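Asker: Need the 3D shape of this:
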Amino acid sequence: MPFPAAWSRILRRAFPRVDQLEAADQAMLERHILLFLTEKRFEGAAGLRINEEVRLTVAAQACLLLLHRGNDLYPGLLSVIVYPGEYLAPHRRHDEIGLVLEGLQVRQGETAARGAVVVSWDAAWRGAAGPNGGRNVVFHEFAHLLDAESGGFDGAPSLPQPAAESWSRVMAREYSTLRAQVDAGLPAALDPYAASSPAEFFAVATERFFQEPCELSEAVPALFDELSRFYQLDPRLWSF
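Answerer: Now for the predicted structure:
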């Protein structure tokens, strides 16, 4: 089916970088969005009403990650759950001596079990509208899905050789550098949360890659180059 004109108007208002894509890429993104919205179920939480703006804004950002990577649109994903804003979720962790601590944590998104992604609409809307300080909850959570396609959340998505070797070498080095910077209280190119695990490093780096590509390219060129090869595009060609 053709991309509805009403959807096109909503999409370009909510996600203005669409107009910076070449015509062929715009058409490809629209095809991905149509397929995504056909395959995936959207559910509103905490009273949020799911409308076309919500569906298109989230789907467009999720599909941009796959623009040049084929039509296999997150095969394990069944539902996208959208809250109006931040929400509380159960949180469990082990402390330094091995005790299990349980409680509630304020979140803007998560990649949940049983084929679901959860995002805050407020955060998703702000990430779509502009650079947003390098933050984008949709890019972050859907990067986790790409990561998991290799079998686990470890910051190592499925890649052929020798690309996997280069990825592993560069990511390990830059992750180690970031951890050292964070531990020393030094300025870093990525949010300190990226130092919490290799999986979060990949997801946060993906956010910065798409939201502030020129800044990431200048600060950590090797990391930018690996992400550019993985996503098969160069977002420095787009502007806000």
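Asker: Can you identify the element that follows the least confident helix or strand in the chain by mean pLDDT toward the C-terminus?
Answerer: None of the helices or strands of the chain scores lower by mean pLDDT, DSSP states H and E than strand 100-107, at a mean of 69. Scanning forward in sequence from strand 100-107 by DSSP states H and E, the next helix or strand is strand 109-112.
Asker: moving C-terminal of that following strand, what's the next helix or strand?
Answerer: Immediately after strand 109-112, counting by DSSP H and E, sits strand 116-120.
Asker: Report the strands that pair with that following strand, each with its relative direction.
Answerer: Counting by DSSP bridges, the strands paired with strand 116-120 are strand 79-83 (parallel), strand 109-112 (antiparallel).
Asker: what residues does that strand touch?
Answerer: For strand 116-120, contacts defined as C-beta atoms under 8 Å, 6 or more residues apart in numbering pick out 45, 58, 77-87, 89, 107-112, 137-138, 141-142, 145. Heads up, the C-betas are built off the backbone N, CA and C, glycines and all.
Asker: Make a PyMOL selection of the buried ones in those residues.
Answerer: Filtering the contacts of strand 116-120 down to the buried ones (16 or more other C-beta atoms under 10 Å) takes a single PyMOL command:
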select buried, resi 58+77+80+81+82+83+87+107+108+109+110+111+137+138+141+142+145
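Asker: For residue 222, which of the strands paired with strand 116-120 is the nearest?
Answerer: Among these, strand 109-112 comes nearest to residue 222, with 26.4 Å by C-beta to C-beta.
Asker: For that closest one, C-alpha coordinates in CSV please.
Answerer: The C-alpha coordinates for strand 109-112 follow below in CSV (Å, rounded to 0.1, in the frame of the first residue of the first chain):
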residue,chain,number,x,y,z
GLY,A,109,12.3,2.7,28.7
GLU,A,110,13.4,-0.9,28.8
THR,A,111,13.7,-3.9,26.6
ALA,A,112,11.4,-6.3,28.4
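Asker: List the contacts of it.
Answerer: 81, 89, 117-120, 123, 137-138, 140-141, 144-145, 148, 153.
Asker: Show me what the longest helix anywhere in the chain is packed up against.
Answerer: Longest helix in the chain by number of residues (criterion: DSSP state H): helix 163-183. If contacts are counted by 3 or more C-beta pairs under 8 Å, 6 or more residues apart in numbering; DSSP states H and E, helix 163-183 sits against helix 198-211, helix 221-231.
Asker: how about 6 Å then?
Answerer: Here helix 163-183 is seen to pack against helix 221-231 when contacts are counted using 3 or more C-beta pairs under 6 Å, 6 or more residues apart in numbering; DSSP states H and E.
Asker: could you give the angle of the helix it packs on to helix 163-183?
Answerer: Per axes from the mean of the first three to the mean of the last three C-alpha atoms, to 10 degrees, the angle that helix 221-231 makes with helix 163-183 is 140 degrees.
Asker: That'll do, ta.
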